[in-house]
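Participant: Got a predicted model here, sequence first, then my questions.
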Amino acid sequence: SNANNSKVKRASAPTIDVRSGMDVESLKQAITEHLFYQQGRNIVNTSLNDLYMAVSHTVHDRLLQHEHKTMNAVFDNNNVRLVSYMSAEFLMGPQLGVNLIDLNIMAEMEQAVQELGFSLNTIMAQEEEPGLGNGGLGRLAACYIDSMASQQIPAIGYGIRYEFGIFDQVIRDGWQVEITDKWLRNGNPWESARPELAVNVKFGGHTESYLDSNEYLRYRWKPDYMVTGIPYDTPIMGYKVPSCNFLRLWKSEAEESFDFSSFNQGDYYKAVEYKVKSENISKVLYPNDEMLGGKKLRLKQQYFFVSCSLQDMMNIHLRFDGKPQDFHKRWAIQLNDTHPSVAVAELMRILVDEYHVDWDVAWHTTCSTCSYTNHTLLPEALEKWPVGLFAYLIPRVLEIIFEINYRFLKEVSSRFPGDNGKLSRMSIIDESGEKFVRMANLACVGCCAINGVAELHTELLKQQILHDWVEMFPERFHNVTNGVTPRRFVVLSNPGLSNLIIESIGDKWPGKLDELRKLEPFADDAAFREKFRSVKLENKKILAALIKERTGVVVNPSSMFDVQVKRIHEYKRQHLSVLHIIALYLRIKQNPDIDIVPRTFIFGGKAAPGYFSAKLIIKLINSVGDVVNNDPDVKDRLKVVFFPDFNVTNAQLIYPAADLSEQISTAGKEASGTGNMKFSMNGALTIGTLDGANVEIREEVGNDNFFLFGLTAAQVEDAKRNGYNPHFIYDNNEELRNVISMINSGRFSNGDTNLFKPITDNLLWHDPFMLMADFSLYIACQDLVAETWKNTAEWNRMAILNVARMGKFSSDRSIQDYCEKIWKVKPFNIRKA
Ligand code: GPU
């Protein structure tokens, strides 16, 4: 009986495993140990940050176990093709919450932390998000590495470990002020440095030819200096699957041997200067979104991370016993816009110069490896670099580009004899004035697949900026409509809605978003609609409290939350919404007793520091807010809020609280949009133009459940061709005239009639984004929105149908499309491997 007793005792005693245990006791023990052995603290004297670090290290330990198993399984198998997602930006957002969801231990961690005397929400709020991106493009990369892990696609995300990410925005006197983003100051528990995997990157100097031992003519690059790239890895866990990939970001450092050998005169200050110059490369993210800076350091960043990543990939490939020319069998590279497109030339350089692969074989390998995603039709966003800058920084790479171009243009002239226009348009080198390297052309020549990010965008790409390329390589073109991860943007950020959905249709949908269709019947269920409404109201109360705290403005949670959050850009037309606000304000001023739907207009978004018009739009929003919010005639029926520092953390609080999603870009200008998807998944209705993915969202949710307005892309082009005259429209629309006059009167600028002139003058005389043409259509549509809002049951029915029909816009579907159409990669089940 004694033996029996001890058996029972042993079985019931918890087996604490501080490194991988997922139970509450193991988590508690692990947190306590990390707190002491990493932070030197205990539960009694811990700071919130120490606690955040201990909890995160506890989670990180568990991720590493999965990462290790995944990569061992992948690297044990010689036939696996991996994806390399190359991107200058990864706008990751906070890591703790999503990792708890992916590991399926949110409840356990909540309890563990509670039993230690703290609240998990407070600890999660402590995280400083890695803001290593500007906007949609960087956030898309983050959603895609999440989905690749969840779909069990072996993949590495490659990028730059910026010491300073996107600036923090504060608003002073209505203006944007930029503050440096010191995201690493309190430590980063999610990354591990891998100095043993460091690689060197050459810069400057000259090239020379030589004869190798077989008397072949070869070229080598004698650089001025080299920079070392140190990889930092962050595990990327899949959702409720054992697969775990990683993000590998490069930090630049001075190459060690260099400051001794090359500064042999003992020139200490030269050596220090070299160290600073090297470390500068990964210092800061350029804050321009869809705008060219043309800065030398930016090109250095691009070449630096591309060269580091390709060398790393080649090292992995060779460790697998691969031949250099079989690189494409091991790797599929996706170039996130043209920022990493120098990869085409760099991979050629590595194959030809370093591994002595024949040019034609190397070219086949390179083209079979690389694919290119285009994210914009705006001509000002198409990257080009002065040839002189290339020659100065990466001379051997430029020579290779010239060789690629020479061979390519020969092919063009044989396919299209005598078509000199085509030849000069398709050349990688722009020779119309000062010579430039056109990065999109380099990508199109060297990639086996080219894709746009929404149906309309892909069609317009083919008709407009890439027309010549379709004629040359029709088989290269694909569409892959963007998507977003429902784990972060619904499960984590909207627990109220998630629980309601789980109660109704089960919990399979976050990994299989088409399941949401099962919600459709609930749209006609009054009791469900009531629960749905109350979830939304709770989310709005949370946001209202935050708005009060951050801006001082008191807003009414039962008013309609009309939201536009995204980078500030003229083509996105935040100022069109401002014109609408002023029109409503005028209606109230003309008739203070008018029956008007109470609305809270919420704006958020950063402007590029050098983009004057965008910064003035921020000032205009705040100025209109100051007047409208404080006018007693308004009786709090309209409120205008500029929510400062729109980032992933804040976005997660805003989307769940929105009633109306503003997606009002000029048709043909927004490649896809992804915020539009996040709003709709959280049960906001969209007012939008036929632009980007709006078209497909409307198709999915149904025309009746989407507020459409405005010119089509074709009508915009027609109007431009026929001599668009914004002033004529202004002359013939009284409401519009009154709105513009009100701005010009100085009413929103303490009598200063000049402050907003650059905006109004531009609208009246140029209006490149056609606000005047769309104004009356927009106002009419907004009036319909207000009418619909009055019918609560109808509004909620429509909102529920939006949620139910968003399955297509999971980034899991986008990744499946990439796998099938472009990468030819299949899921790799590590349990079966
Ligand atoms: N986008 Br190009 C950016 O966020 N930054 C850029 O430099 C360029 C494009 C966006 C597009 O504007 C947006 O429409 C799209 O949804 C997103 O990329 C992801 O494809």
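Facilitator: Good, I have the coordinates.
Participant: With adjacent residues omitted, what lies nearest to residue 800?
Facilitator: The shortest distance from residue 800 to any residue other than its chain neighbours is 4.2 Å, reached at residue 523 (C-beta to C-beta, 6 or more residues apart in numbering). The C-beta positions use only the backbone N, C-alpha and C, and glycine is treated the same way.
Participant: contacting residues for the one you found?
Facilitator: Listed by C-beta atoms under 8 Å, 6 or more residues apart in numbering, the contact partners of residue 523 are 529, 797, 798, 800, 801, 804.
Participant: now, which of those lie within helices?
Facilitator: 529, 797, 798, 800, 801, 804 (DSSP state H).
Participant: Now do the strands in the stretch 501-650 of the chain.
Facilitator: Taking DSSP state E, counting those that start in this stretch to define them, one finds strands in the stretch 501-650 of the chain at 560-565, 599-604, 638-642.
Participant: Let me know which of those strands is the nearest to the ligand.
Facilitator: For these, distance to the ligand was read as C-beta to the nearest ligand atom. The smallest value, 13.3 Å, belongs to strand 560-565.
Participant: ok, the closest one near the ligand or not?
Facilitator: No. Residues of strand 560-565 contacting the ligand under C-beta under 6 Å from any ligand atom: none, with a closest distance of 13.3 Å.
Participant: got the contacts of residue 523 as a markdown table, with neighbour count columns?
Facilitator: Compiled in a markdown table, the contacts of residue 523 are given as follows (neighbours: other C-beta atoms under 10 Å):
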| residue | neighbour count |
| --- | --- |
| 529 | 20 |
| 797 | 20 |
| 798 | 20 |
| 800 | 24 |
| 801 | 23 |
| 804 | 23 |
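Participant: Tell me the residues of this structure that contact the ligand?
Facilitator: 134-137, 140, 289-290, 337, 375-376, 381, 453, 482, 670-674, 692.
Participant: Please flag which of those residues sit within helices.
Facilitator: Among these, the members falling in helices (DSSP H) are 136, 137, 140.
Participant: For residue 74, list the residues it contacts.
Facilitator: Counted by C-beta under 8 Å, 6+ apart, residue 74 has contacts 80, 82, 154, 828, 830, 833.
Participant: Buried residues, the helix or strand containing it. List them.
Facilitator: Under the criterion of DSSP states H and E, residue 74 resides in helix 48-75. Within helix 48-75, the residues that qualify as buried by neighbour count (16 or more other C-beta atoms under 10 Å) are 49-60, 62-64, 66-67, 69-71, 73-74.
Participant: before we move on, what about stretch 195-212?
Facilitator: Along stretch 195-212, the positions that meet the burial threshold by neighbour count (16+ other C-beta under 10 Å) are 197, 198, 199, 200, 201, 202, 203, 205, 207.
Participant: before we move on, what about stretch 15-29?
Facilitator: Within stretch 15-29, judged by 16+ other C-beta under 10 Å, the buried ones are 18, 21, 23, 24, 25, 26, 27, 28, 29.
Participant: Looking at those, which is nearest the ligand?
Facilitator: Among the buried residues of stretch 15-29, residue 27 lies closest to the ligand (C-beta to the nearest ligand atom), at 36.5 Å.
Participant: And that closest one, what's its pLDDT?
Facilitator: Looking at residue 27, its pLDDT is 98.
Participant: What does it show for phi and psi?
Facilitator: phi -60, psi -40 (degrees, to the nearest 10).
Participant: show me the contacts for it.
Facilitator: With contacts taken as C-beta under 8 Å, 6+ apart, residue 27 has the following neighbours: 21, 58, 105, 108, 109, 112.
Participant: if you skip the residues just before and after it, what's nearest to the residue most central in space within the chain?
Facilitator: Here the mean C-alpha position of the chain is nearest to the C-alpha of residue 139 (C-alpha atoms, centre = their mean), at a distance of 1.8 Å. Take residue 139 and drop its neighbours on the chain: the residue closest to it by C-beta to C-beta, 6+ apart is residue 91, 4.3 Å away.
Participant: surely the one you found meets residue 144?
Facilitator: No. Under the criterion of C-beta atoms under 8 Å, residue 91 is not in contact with residue 144, lying 11.5 Å apart.
Participant: Compare those two (neighbour count), which wins?
Facilitator: Looking at residue 91 and residue 144 with other C-beta atoms under 10 Å, you find the greater number of neighbours at residue 144, namely 29 against 26.
Participant: can you tell me the average pLDDT over whichever strand or helix holds the more buried one?
Facilitator: Taking DSSP H and E as the criterion, the element that holds residue 144 is helix 136-150. Helix 136-150 comes out with an average pLDDT of 98.
Participant: Check stretch 254-262 too.
Facilitator: 69.
Participant: what do you get for stretch 634-649?
Facilitator: pLDDT averaged over stretch 634-649 equals 98, rounded to a whole number.
Participant: likewise stretch 550-558?
Facilitator: The predicted confidence, averaged over stretch 550-558, sits at 98.
Participant: Convert that stretch to CSV, retaining C-alpha atoms only.
Facilitator: As requested, C-alpha coordinates have been extracted for stretch 550-558 and formatted as CSV (Å, rounded to 0.1, in the frame of the first residue of the first chain):
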residue,chain,number,x,y,z
ARG,A,550,-4.4,60.9,-25.6
THR,A,551,-6.2,64.0,-27.0
GLY,A,552,-8.4,65.4,-24.2
VAL,A,553,-11.4,65.2,-26.5
VAL,A,554,-14.6,63.7,-25.0
VAL,A,555,-16.5,61.6,-27.5
ASN,A,556,-19.8,59.8,-27.3
PRO,A,557,-19.5,56.0,-27.7
SER,A,558,-23.0,55.7,-29.1
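Participant: List the contacts of residue 154.
Facilitator: The contact partners of residue 154, taken as C-beta under 8 Å, 6+ apart, are 70, 74, 80, 82, 83, 243, 245, 825, 828.
Participant: and if you look at residue 90?
Facilitator: Contact partners of residue 90, counting by C-beta under 8 Å, 6+ apart, are 130, 132, 133, 138, 141, 142, 145, 157, 159, 247, 249.
Participant: Next, it: phi, psi?
Facilitator: Per-residue torsions, residue 90: phi -130, psi 100 (degrees, to the nearest 10).
Participant: do the same with residue 162
Facilitator: According to degrees, to the nearest 10, residue 162 has phi -60, psi 130.
Participant: Equivalent analysis for residue 81, please.
Facilitator: Torsion angles at residue 81 (phi, psi; degrees, to the nearest 10) stand at phi -100, psi 130.
Participant: Likewise for residue 643?
Facilitator: phi -80, psi 110.
Participant: okay, now it: neighbour count?
Facilitator: Neighbour tally, residue 643, other C-beta under 10 Å: 23.
Participant: if we can go back for a sec, can you pick out the most distant pair from the buried residues of stretch 15-29?
Facilitator: Taking C-beta to C-beta as the measure, the buried residues of stretch 15-29 span a maximum distance of 12.7 Å, between 18 and 24.
Participant: quick check: mean pLDDT across stretch 606-614?
Facilitator: The model assigns stretch 606-614 a mean pLDDT of 98.
Participant: Show me what counts as buried in it.
Facilitator: Using 16+ other C-beta under 10 Å as the test for burial, stretch 606-614 gives 606, 607, 608, 609, 611, 614.
Participant: got a markdown table for those, with distance to residue 433 too?
Facilitator: Listed next are the buried residues of stretch 606-614 as a markdown table, based on distance: C-beta to C-beta, whole Å:
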| residue | distance to residue 433 |
| --- | --- |
| 606 | 33 |
| 607 | 30 |
| 608 | 25 |
| 609 | 28 |
| 611 | 25 |
| 614 | 28 |
